[in-house]
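Undergrad: Here you go, sequence then predicted model.
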Amino acid sequence: MTRSDLARLLGAPAGLVAEARREPVVIEDRDPLRFMAALAAATASGGTVLLAGDTWGENERCQLAALRQRAATTPATAAGKGWLGIPTGGTGGRLKLARHDEETLAAAVGGFCRHYSITQVNAAGVLPLHHVSGLMAWLRCALTGGEYRPLDWKAVVRGDLPALPAKAQGWVISLVPTQLERLLPSAAAVAWLQGFRLIFLGGAPAWPELLAKAAAAQLPVSPGYGLTETAAMVTGLRPEDFLLGARSNGPALPHATVAVGGDGIISVGGDSLFRGYYPDWRDRRPFATGDLGRLDPRGDLHVLGRSDAVIISGGEKVDPAEVEAVLCGTGELGEVVVLGLPDAQWGQVVVAAYPAAAQPVWARVHQAVALRLSAPKRPKHYVPIADWPVNEQGKVNRAEVARQAAAGS
């Protein structure tokens, strides 16, 4: 596929000619139809295209301006590639723009279709188009000749559940866990969701109670794993397996490779991998995500959280290292791993895992925690780990601790 092919599939007007432009086109329109028209035209016109959030504040816009200024002094490489910058917050909250193009996007769509045995994708869109999940929902339709129908999420929550026309291969929808949680109490919304062929669930960890409620409602949910850097999904659990009781993020899609290193870090490779963070470039080596995970005997991925994760509990950010320092500082817990586990009420709860052989004086631990940590940072559960997992260098395997803690909390 060429860039002009992609522009045509996106609906660009005939006759647009690529221009030699130095300044990138920035697209940030809130209206989905105007956004789609602008991206189609920019794709046809050539040059760099950057997607921006319509709700960005001064901080994000200053970071974007700084990236554009640095681009003027960054040598251009990989001519014609990486022309589309899709925003991602990155691990530290700093704005990054993952560079994609017609080849990476087409690879992601092709792998998706093969994995789910779909030749024509029809999608209802409730996620913003500048976000990779919303963007790829549209692109899957455009590249397969299907229909994309943008919906107003606020209207959907209020009960405006549009009847979608019959399609030979059905309809799909992408949701984040909090959106699914808001729809499940409504019988009408559940009935509407039951009419979809696939309900993709991603963007954040889904807690066990939510998945149980979705399964009880017989919803065709497909939890997956993906990043802006991978043009969205690289793994996906098929809904038939979900409804039979499987609880994972599924196997790798055909276009991608997924591996978990000895330190528990997930690495991803494949043809949909980004070409660097604008304005910089990277080679095609596998990308270490910074996420912790494990592969089960079936080859399904289980995502266990961030290796450097900030825990968000009840809207408050918690640095695990700070809590670990307080706990170790008591002298009662020589080794401890603090992590966030999914919770229906708080989103995540702070959990402290420690070797079961330890015999702490809990009164001292609780006294130190109450004195030195605010309420959101205090562990809600302390989980003993019978076989404390360390490597030959004595470094703890945090992914394995997270797995055991999740099972034992």
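TA: Great, that's in hand. Residues are numbered from 1 along each chain as shown.
Undergrad: use CA for all of it now, contacts and neighbours both
TA: Fine.
Undergrad: Mind jotting down where the strands sit in the stretch 1-150 of the chain?
TA: For the stretch 1-150 of the chain, the strands defined by DSSP state E, counting those that start in this stretch occupy 25-27, 49-51, 84-88, 96-100, 123-125, 148-150.
Undergrad: Comparing those strands, which comes out most buried?
TA: strand 96-100 (a mean of 26; mean count of other C-alpha atoms under 10 Å).
Undergrad: one step back: switch the strands of the stretch 1-150 of the chain over to JSON lines; also include distance to M136.
TA: Output for the strands of the stretch 1-150 of the chain, formatted as JSON lines (distance: least, C-alpha to C-alpha, whole Å):
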{"stretch": "strand 25-27", "distance to M136": "16"}
{"stretch": "strand 49-51", "distance to M136": "13"}
{"stretch": "strand 84-88", "distance to M136": "11"}
{"stretch": "strand 96-100", "distance to M136": "12"}
{"stretch": "strand 123-125", "distance to M136": "10"}
{"stretch": "strand 148-150", "distance to M136": "11"}
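Undergrad: Looking at those, which is nearest to G270?
TA: strand 96-100 (13.0 Å; C-alpha to C-alpha).
Undergrad: neighbouring contacts of the closest one?
TA: 50, 81-90, 228-229, 231, 273-278 (C-alpha atoms under 8 Å, 6 or more residues apart in numbering).
Undergrad: okay, the strands of the stretch 1-150 of the chain in JSON lines with distance to A215 and mean pLDDT next?
TA: Below are the strands of the stretch 1-150 of the chain laid out as JSON lines (distance: least, C-alpha to C-alpha, whole Å; pLDDT from 0 to 100):
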{"stretch": "strand 25-27", "distance to A215": "38", "mean pLDDT": "95"}
{"stretch": "strand 49-51", "distance to A215": "36", "mean pLDDT": "96"}
{"stretch": "strand 84-88", "distance to A215": "31", "mean pLDDT": "94"}
{"stretch": "strand 96-100", "distance to A215": "34", "mean pLDDT": "96"}
{"stretch": "strand 123-125", "distance to A215": "21", "mean pLDDT": "98"}
{"stretch": "strand 148-150", "distance to A215": "26", "mean pLDDT": "98"}
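Undergrad: Run through the stretch 251-400 of the chain and note the low-pLDDT ranges.
TA: 308-309, 391-395 (pLDDT under 70).
Undergrad: can you give me the strands in it?
TA: 256-260, 265-270, 287-295, 301-306, 311-313, 316-318, 337-343, 347-355, 381-385.
Undergrad: Next, format those as a markdown table and append distance to L151 and mean neighbour count.
TA: Shown next, in a markdown table, are those (distance: least, C-alpha to C-alpha, whole Å; neighbours: other C-alpha atoms under 10 Å):
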| stretch | distance to L151 | mean neighbour count |
| --- | --- | --- |
| strand 256-260 | 30 | 19 |
| strand 265-270 | 32 | 22 |
| strand 287-295 | 31 | 20 |
| strand 301-306 | 30 | 23 |
| strand 311-313 | 29 | 21 |
| strand 316-318 | 31 | 16 |
| strand 337-343 | 28 | 23 |
| strand 347-355 | 26 | 23 |
| strand 381-385 | 40 | 18 |
